[in-house]
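> need coordinates for the following:
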Amino acid sequence: MNLSNYPITILLIAANVIVSLIGFNNATVANKAIMYPYLVKRENQYYRFISSGFLHADFLHLIFNMFTLFFFGMAVEYYFTEYILGGSVSYLLLYFLGLIVSDIPSYIKHKNNSNYRSLGASGAVSAVVFAAIVFNPWSSIYIYGAIKISAALYAVLYIVYCIYMGKRNADNINHDAHLWGSLFGLAFTLALITALQPGLIEPILEELKHPSLFGR
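Numbers count the residues shown, from 1 in each chain. A predicted model of the protein is given here:
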């Protein structure tokens, strides 16, 4: 594997690691960067839609997101380049718009809540994961490293889980960001294909006609 073939993925991971490490050791920086809808509304601090996506709560949160971004990000970077879908520019748009779009529902819901904060790259990473699934829906994904299912089945279960957990609101995870990031990644990629390479639509639809529950 030649990592130089995936410069955007490596750059995004490096930025996440550096900013998160700074945030771990500097509460002032973390407080200025974290998603805080209350201040976004009152002081027009819209930069938080982006800056909060490069912070993480702890090392486990950071490692999980970057591990996922590493594998799925490389796939998206390859697909967007190989299929002439805008390459690095489209990949960066997917990632950063994914950050913004995934936080909009939380902003609307909590803009008058002075106690609400959120952080993490999960919205953008979810967008990247679902973008990759568009191109290879029956590839294998291992949940917890052991349970093998197809990527398409994983996508359905993930959306159902996000909706369920978002309604329960029983933990400190921003499930709304995961949900809307995923849906944005799917919509963005399909729109990109339709606009730039409509000839890819037919083979993608054909691939969907040959499902594999546990992946190939």
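> how far is stretch 116-129 from where the chain is centred?
With Cα atoms, centre = their mean, to the nearest Å as the basis, stretch 116-129 stands 5 Å off its chain's centre.
> cool, and stretch 68-82?
Its chain's C-alpha centre and that of stretch 68-82 lie 12 Å apart, by Cα atoms, centre = their mean.
> could you name the helices and strands sitting against the helix or strand of the chain with the lowest mean pLDDT?
When each helix and strand of the chain is scored by mean pLDDT, DSSP states H and E, strand 140-143 comes last, with a mean of 86. Applying 3 or more Cβ pairs under 8 Å, 6 or more residues apart in numbering; DSSP states H and E, we find strand 140-143 packed against strand 147-150, helix 151-168. Bear in mind the C-beta positions are built from the backbone N, C-alpha and C, glycine included.
> any chance of a markdown table for the ones you listed, columns mean pLDDT and mean neighbour count?
Putting those into a markdown table (pLDDT from 0 to 100; neighbours: other Cβ atoms under 10 Å) gives the following:
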| stretch | mean pLDDT | mean neighbour count |
| --- | --- | --- |
| strand 147-150 | 89 | 15 |
| helix 151-168 | 90 | 16 |
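> nearest to residue 78, out of these?
Among these, helix 151-168 comes nearest to residue 78, with 15.3 Å by Cβ to Cβ.
> which of the residues in stretch 70-82 are classified as buried?
For stretch 70-82, burial by neighbour count (16 or more other Cβ atoms under 10 Å) applies to 72-81.
> list the contacts of that stretch.
5-6, 8-9, 12-13, 85-88, 90-91, 94, 125, 128-129, 131-132, 135-136, 192 (Cβ atoms under 8 Å, 6 or more residues apart in numbering).
> adding distance to residue 208, write the helices and strands packed on strand 140-143 out as a markdown table.
Formatted as a markdown table, the helices and strands packed on strand 140-143 follow (distance: least, Cβ to Cβ, whole Å):
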| stretch | distance to residue 208 |
| --- | --- |
| strand 147-150 | 11 |
| helix 151-168 | 8 |
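> so which of those comes closest to residue 184?
That would be, of the helices and strands packed on strand 140-143 and by Cβ to Cβ, helix 151-168, which comes in at 12.2 Å.
> which other helices and strands contact that closest one?
Using 3+ Cβ pairs under 8 Å, 6+ apart as the test, helix 151-168 ends up in contact with helix 122-135, strand 140-143, helix 175-196.
> please name the nearest non-neighbouring residue to residue 22.
Spatially, and ignoring its direct neighbours in sequence, residue 22 is nearest to residue 29 (5.5 Å; Cβ to Cβ, 6 or more residues apart in numbering).
> gap between that neighbour and residue 151?
36 Å (Cβ to Cβ, to the nearest Å).
> please apply the same query to residue 134.
Taking Cβ to Cβ, one finds residue 134 at 9 Å from residue 151.
> joint contacts of those two?
Common contact partners of residue 134 and residue 151 (Cβ under 8 Å, 6+ apart): none.
> from residue 34, how far off is residue 48?
Distance, residue 48 to residue 34, by Cβ to Cβ: 7 Å.
> neighbour count for these two, which is higher?
Between residue 48 and residue 34, counted using other Cβ atoms under 10 Å, residue 48 has the larger neighbour count: 23 against 18.
> contact partners for that one?
Neighbouring residues of residue 48 by Cβ under 8 Å, 6+ apart: 33-36, 39-40.
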